[in-house]
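Undergrad: Everything below, folded, please.
(chains A and B)
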Amino acid sequence: GAVVSQHPSWVICKSGTSVKIECRSLDFQATTMFWYRQFPKQSLMLMATSNEGSKATYEQGVEKDKFLINHASLTLSTLTVTSAHPEDSSFYICSAPNSVFGFFGQGTRLTVV
Amino acid sequence: SQQGEEDPQALSIQEGENATMNCSYKTSINNLQWYRQNSGRGLVHLILIRSNEREKHSGRLRVTLDTSKKSSSLLITASRAADTASYFCATAPYPSGSARQLTFGSGTQLTVLP
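TA: Below is the predicted model of the structure:
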């Protein structure tokens, strides 16, 4: 099956700094990728849709200036959490779908201290 | 917003027993999918059932779908300790069925005790 690689798996950063998370589709081209956020013991909440070569589409309530998304190539999307604060601590997961279901990255555990 | 509600939220069983998880949804769907998530990891697609199907099998997995009740169940037979994970249902909307519009349920945490 298709493989989606997400990096890093975990990151600890100081409050006020920015963190970049990468999502790569390793064996197929993904014109669209999705970024989700997951709080402990909860489901996935779609944050934004990353579109190759164009602007990302953000879900209601998600700050686009806070969560910068870049999809510069057909195999790479990045999510940058800018000026991170402790409340941004969460598990972030990317997905690159085929036409029917999603292939997910391993997730990134972000802890802001 | 979450379309799917799953129950139970948590389920603990002995190895060898069967585990049943349920998912309810609200809107019309093209298909319903089940995913598994090991702790601190991404999701893995398990099985997909289309709206015109009532039951589907894959190995030890059995999925049913009742569109009149807007509900689905996932049965794992002869469970193993390695089945311990969170299980999520996800619905793809009607008519597109696009994975780009998957909506996830709240998940069931399954613990299989050795």
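
Undergrad: What parts of chain A come near chain B?
TA: A:1, A:4, A:6, A:32, A:34, A:41-45, A:49, A:91, A:93, A:95, A:97-107, A:109 (C-beta under 8 Å from any C-beta of the partner chain). The C-beta positions use only the backbone N, C-alpha and C, and glycine is treated the same way.

Undergrad: From these, which land in helices?
TA: Taking DSSP state H, every one of these sits outside helices.

Undergrad: Show me which of those are buried.
TA: Neighbour-count burial (16 or more other C-beta atoms under 10 Å in any protein chain shown) applied to these gives A:4, A:6, A:32, A:34, A:43-45, A:49, A:91, A:93, A:95, A:97, A:100-107, A:109.

Undergrad: so what's the residue most central in space within chain A bridging to?
TA: Central residue of chain A (C-alpha atoms, centre = their mean): A:W35, 3.9 Å from the mean position. Beta-bridge partners for A:W35, by DSSP bridges, are A:A48, A:C94.

Undergrad: which residues touch it?
TA: Counting by C-beta atoms under 8 Å, 6 or more residues apart in numbering or on different chains, A:W35 makes contact with A:23, A:46-50, A:67, A:69, A:77, A:79, A:92-94.

Undergrad: quick check, nearest of these to chain B?
TA: Chain B has its nearest neighbour among the contacts of A:W35 in A:I93, at 5.4 Å by C-beta to the nearest C-beta.

Undergrad: The closest one contacts A:G105, correct?
TA: Yes. Between A:I93 and A:G105 there is a contact under C-beta atoms under 8 Å: 6.0 Å.

Undergrad: Between the two, which contacts overlap?
TA: A:Q6, B:G42.

Undergrad: any chance you could map the strands in chain B?
TA: B:5-7, B:10-14, B:19-24, B:29-37, B:43-50, B:55-58, B:61-66, B:71-76, B:85-93, B:103-104, B:108-113 (DSSP state E).
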